[in-house]
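Asker: One predicted model, sequence on top.
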Amino acid sequence: MVGGYAGKILRVNLTEQTISTEDINLKWAEDFIGGRGYGERLLFDEIDPRIDPLSEENKLIIATGPLGSTTAPSSGRVMVITKGALNGTMACSNSGGHFAGELKRAGYDMIVIEGKAEKPVYLWIYKGQVQIRDASKLWGKNTKETDKLLKRFTHPEASTLQIGPAAEKLSLISNITFDGRRMAGRTGIGAVMGSKNLKGVAVKGHLSIRVADKERFAKAVYQARDILSKDAFSGKGGAKYGTAVLVNVINKAGGLPTRNAHDAYFDNAASISGERLTKDHLIKAEACDSCSIACGRVTQITSGKYANNKGVGPEYETIWAFGAACGVDDLDAIVMANYLCNEYGLDTISAGATVACAMDLFEAGYIPKSDIGFDLRFGDADAMVEAVKLMCEQNTDFGRLLAKGSYRLAEHYGHLEFSMSVKKQEFPAYDPRAIKGIGLEYATSNRGACHVRGYTIGAEVLGGLDKSSYEGKAKLTKKLQDLTAALDSSGICLFTTFGLKAKEIAELFAAATGFDCDKDEFVKKGERIWNLERIFNIKAGFSADDDRLPERMEKEPIKSGPSKGEVANVSEMLSEYYSLRGWDKNGIPTDKKLKELGLEGLL
Amino acid sequence: MKVLMVDIDKCTGCRACEYACSFAHDGEFNPLNSRIHISEFLDDFVFVPTYCTQCDEAYCMDVCPTKALTRSQSGVVELDYDKCIGCKQCVIACPWGNIKLSSDAKRVIKCDLCGGEPECVRVCHAGALEFVDVEDAVLGKQIRAAANIKRSAVAGV
Ligand code: SF4
Ligand code: SF4
């Protein structure tokens, strides 16, 4: 018996208002695992890679993995696969929460959403019934209110996903929120959903999920949980400090991009640290399905001009984006900017990095004050929050421009070099000049600059590798990218890799599904997924020219801190990376590689 | 004697206990068949686990016409499926909603403390659930409250 999967795919066509189901393809399940991999295989099959991401032809796939809805550690991941609005890559963003479990127990491993509704609608999925319902009462509402109303309109224990006003207005950096509190943030997937006039989905499960081998699975689960409980982050630190514990760690390593990456060391990091957040803002830790780490932050602002606001977050990346990247050291203002983005539904990494880019352009004299309406300087916390408001509300020309992300902003003012992005997506909170491997990861990540496709930081900063050396980084990057592609597809959280290795994850997968799979085979599936994404991107028009960091990384040395003087030279690693991948010098997978992965004929 | 205790402040809402409970009893994952239930109160981000506390004066036992519910030596109110006629009077009688119908409506289900090693406690990494000697049941809370008093005392408040 194949276990782990719900067994069916739900297909909803919003243009035709039709609903259908189909069995999952077990060959694809075995080859591509589920979630990210399976969803991408499906998208690859069904859309032309050259389409406009916001056109009716694009599809939005909400997918779960075979480990979801079980006791497997941190198994609440849900993945959204589509051609991303921000950059047109094969995009997959994922979120935690409880949606994946409910969807699987409703009987579906994934939902494929096609077409475009005439008017705003939401979906309600329960006991084999799928309704496309009028969402006119929800349109315009923020994510938190929408979650609440969806639960009120459907079932008090339904799980939901929704877009906020930012995605309704097609912001290219808008996200999709789950249960009003967890976000699939990157690549502008919210705008794709907005373009379909789909405001939300509510789902309640009633079925059971079975695994192939119960005893083997239970054993693998408790082994994995044991390992995780012993690691410093996944055992205790995650719940105590959340991801924000990294602010001090990365700054001390001289790798915290500061003031739109003019520097990589932020003097005032201590005032925006995770320790500070825990002390001043944290109410409690919150967890996704079956997660023992509980990195989620429930927070409040107790004093100052933003007092009495309450919400979730910020994550490390968010603190960096509104903090160090903007030169801002006021944690209340950062938390407030984070709440605003959560409610309007904006990706906080891209949002903060875009404000940083705007500050940079303003200080250089390229954006006139009259465009903005106020001075937008590095370090000005009030101006940062005001800029975030403009971006959220999109009711001025400048606000609408900000909501398109830093690439379009910098392009508009004629200075693309001010956008700290790769493939139009802003890079996150690790400086590639200081930490060499992450630069290669940003440059080659299939969805644009990203840290969670191959988190080299674990080895480069927290582990034993020399972060300033190029040696071994191509190999490290490839290895982590492949493992992560497989892990994402299985439905568990990247943070489990603080403790778990490919071996333990493969064992969970094999025990749940019954597929024969050891660690090498598991990573191979990840490599297959990585190559599929690459092929899609090539067909969409991307090439080796796009595997590049912004020129500031190569030309402007870090000004201060422990990594002072360093620059990034990705080309040092890129050709080695291509060859390790079995790609030619133009970054195109060779026939031999495609055959080895069973992807022949797809390029 | 041991009792199952919950510390609501520590619960992260992960629902691993619901998954583990249903898997331990039925070999499949379905929170609807879990004997422990997590309620979310999102306005305040409070998560409340509820489960059968094996009442001293158990209404379910009293109401059962076939004596299918009996108290074991270790204090657990146990259900004998051979005697159960599925009348569901116990479900109605329980004021807490802690005896319920399985999702296929075929059985009445309730917490049996897994024969002395509750699976929910085993899986709860947050330490929100504990299976403790009755003498120590509130010790953790007592110490926590006392620590607050101590802090004020030291601060001279
Ligand atoms: S396992 Fe523990 S922390 Fe998680 S929901 Fe249950 S009681 Fe709460
Ligand atoms: S349902 Fe079964 S256990 Fe409950 S009262 Fe009726 S006979 Fe007794």
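Answerer: Looks like it arrived, so ask away. Numbering: from 1, shown residues only, chains lettered A, B, ... in the order given. Ligands and ions are numbered 1, 2, ... in the order given.
Asker: how far does the top helix by length along chain B sit from the chain's center?
Answerer: Longest helix in chain B, counting residues (DSSP state H): helix B:139-155. Averaged C-alpha coordinates place helix B:139-155 at 27 Å from its chain's average position (Cα atoms, centre = their mean, to the nearest Å).
Asker: and if you look at stretch A:48-57?
Answerer: On Cα atoms, centre = their mean, the centre of stretch A:48-57 falls 21 Å from that of its chain.
Asker: Same check on stretch A:154-169?
Answerer: 18 Å.
Asker: Does that stretch reach ligand 1?
Answerer: No: under the criterion of Cβ under 6 Å from any ligand atom, stretch A:154-169 makes no contact with ligand 1; the nearest approach is 13.8 Å. Quick note: C-beta positions are derived from backbone N, CA and C, even for glycine.
Asker: residues of that stretch that come out buried?
Answerer: Of all the residues in stretch A:154-169, those buried under the rule 16 or more other Cβ atoms under 10 Å in any protein chain shown are A:154-155, A:157-169.
Asker: mind checking which helix or strand A:K199 is in?
Answerer: strand A:198-204 (DSSP states H and E).
Asker: Give me the contact list for the helix or strand just after that strand.
Answerer: Going down the chain from strand A:198-204, the next helix or strand is helix A:214-230, by DSSP H and E. Under the contact criterion Cβ atoms under 8 Å, 6 or more residues apart in numbering or on different chains, helix A:214-230 has outside partners A:3, A:70-73, A:211, A:234-235, A:292-293, A:496, A:498-500, A:504-505, A:507-508, A:510-512, B:23, B:27, B:122-123, B:125.
Asker: Among these, which ones are in helices?
Answerer: Checking those against DSSP H, those in helices are A:E504, A:I505, A:E507, A:L508, A:A510, A:A511, A:A512, B:F23, B:R122, B:V123.
Asker: Intersect the residues you listed with the contacts of ligand 1.
Answerer: Okay, of the ones in helices among the contacts of helix A:214-230 touching ligand 1 (Cβ under 6 Å from any ligand atom), that's B:V123.
Asker: All the helices of chain B, residue numbers only.
Answerer: B:16-26, B:59-63, B:89-93, B:119-123, B:139-155.
Asker: Same list, those helices, but as TSV with mean neighbour count and mean pLDDT please.
Answerer: Shown next, in TSV, are the helices of chain B (neighbours: other Cβ atoms under 10 Å in any protein chain shown; pLDDT from 0 to 100):
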stretch	mean neighbour count	mean pLDDT
helix B:16-26	25	98
helix B:59-63	17	97
helix B:89-93	17	97
helix B:119-123	23	97
helix B:139-155	10	88
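Asker: which parts of chain B sit against chain A?
Answerer: Neighbours of chain A within chain B, by Cβ under 8 Å from any Cβ of the partner chain: B:9, B:12-16, B:19-20, B:22-23, B:26-33, B:40, B:42, B:45, B:103, B:122-123, B:125-126.
Asker: Now the residue most central in space within chain B: closest residue in space that isn't a chain neighbour?
Answerer: When Cα atoms, centre = their mean is applied to chain B, the residue found nearest the centroid is B:Y51 (2.8 Å). Distances taken as Cβ to Cβ, 6 or more residues apart in numbering or on different chains place B:I36 nearest to B:Y51, at 4.2 Å, with adjacent residues excluded.
Asker: closest one to A:I283 among the helices of chain B?
Answerer: Closest approach to A:I283 among the helices of chain B is made by helix B:139-155 (16.6 Å; Cβ to Cβ).
Asker: circling back to that earlier point, the residue nearest to B:Y51 contacts B:Y19, correct?
Answerer: No: contact criterion Cβ atoms under 8 Å: B:I36 and B:Y19 do not qualify, at 10.2 Å.
Asker: backbone phi and psi for residue 95, please?
Answerer: In the absence of a named chain, chain A is used. phi -140, psi 160 (degrees, to the nearest 10).
Asker: My question was about chain B, not that one.
Answerer: Per degrees, to the nearest 10, the backbone of B:P95 is at phi -70, psi -10.
Asker: Look at it and say how many residues are nearby.
Answerer: 9 (other Cβ atoms under 10 Å in any protein chain shown).
Asker: Enumerate every residue touching A:R534.
Answerer: Per Cβ under 8 Å, 6+ apart, neighbours of A:R534: A:N446, A:W583, A:G587, A:P589.
Asker: my guess is A:C450 meets A:E441, correct?
Answerer: Yes: applying Cβ under 8 Å as the test, A:C450 and A:E441 come out as touching, 7.3 Å apart.
Asker: Among those two, which residue is more densely surrounded?
Answerer: A:E441 (33 against 24).
Asker: Which residues does the helix or strand containing the more buried one contact?
Answerer: Secondary structure assignment for A:E441, by DSSP H and E: helix A:436-444. With contact meaning Cβ under 8 Å, 6+ apart, helix A:436-444 is reached by A:422, A:427, A:430-433, A:449-451, A:453-457, A:459-460, A:465, A:467-470, A:473-474, A:476-477, A:480-481, A:547-549, A:553, A:568, A:570, A:573-574, A:577.
Asker: Now the phi/psi pair for the residue of the stretch 351-500 of chain A found nearest ligand 1, please.
Answerer: The nearest approach of the stretch 351-500 of chain A to ligand 1 comes at A:C493, 15.0 Å away (Cβ to the nearest ligand atom). The phi/psi pair for A:C493 (degrees, to the nearest 10) reads phi -90, psi 150.
Asker: Report pLDDT for it.
Answerer: At A:C493, the pLDDT value in this model is 94.
Asker: from what I can see it touches A:C291, true?
Answerer: Yes: A:C493 lies in contact with A:C291 (Cβ under 8 Å); the separation is 6.7 Å.
Asker: mind showing which ranges of chain B have poor pLDDT?
Answerer: Of all residues in chain B, those with pLDDT under 70 make up the ranges B:157.
Asker: hmm, back to that, residues in contact with the residue nearest to the centre of chain B?
Answerer: B:L4, B:V6, B:R35, B:I36, B:H37, B:N98, B:C111, B:C120.
Asker: Kindly report the same for A:E315.
Answerer: Here A:E315 is in contact with A:G242, A:T243, A:A244, A:R297, A:T348 (criterion: Cβ under 8 Å, 6+ apart).
Asker: Okay, it and A:P428: tell me how far apart.
Answerer: According to Cβ to Cβ, to the nearest Å, A:E315 and A:P428 sit 10 Å apart.
Asker: and if you look at A:P73?
Answerer: 24 Å.
Asker: Next: B:I8.
Answerer: For B:I8, the distance to A:P428 - Cβ to Cβ - is 35 Å.
Asker: near ligand 1, which residues of chain B?
Answerer: So chain B meets ligand 1 at B:11-17, B:38, B:47, B:49, B:123-124, B:126, B:128-129 (Cβ under 6 Å from any ligand atom).
Asker: Tell me the one of those residues nearest A:H262?
Answerer: B:T12 (39.1 Å).
Asker: How many neighbouring residues does the closest one have?
Answerer: That count, for B:T12 with other Cβ under 10 Å as the rule, works out to 26.
Asker: My guess is it contacts A:A287. True?
Answerer: Yes: B:T12 is within contact range of A:A287, at 3.8 Å (criterion: Cβ under 8 Å).
Asker: list residues touching both of these two?
Answerer: Joint contacts of B:T12 and A:A287 (Cβ under 8 Å, 6+ apart) are A:A294, A:G296, B:A126.
Asker: ChimeraX command for the buried members of the contacts of B:Y51?
Answerer: Selection of buried members from the contacts of B:Y51 for ChimeraX, criterion 16+ other Cβ under 10 Å:
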select /B:4,6,35,36,37,98,111,120
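Asker: In strands, which of the contacts of B:Y51 fall?
Answerer: B:L4, B:V6, B:H37 (DSSP state E).
Asker: Once you drop chain neighbours, what's closest to the first one?
Answerer: On the basis of Cβ to Cβ, 6+ apart, the spatially nearest residue to B:L4 that is not a chain neighbour turns out to be B:F131, at 5.5 Å.
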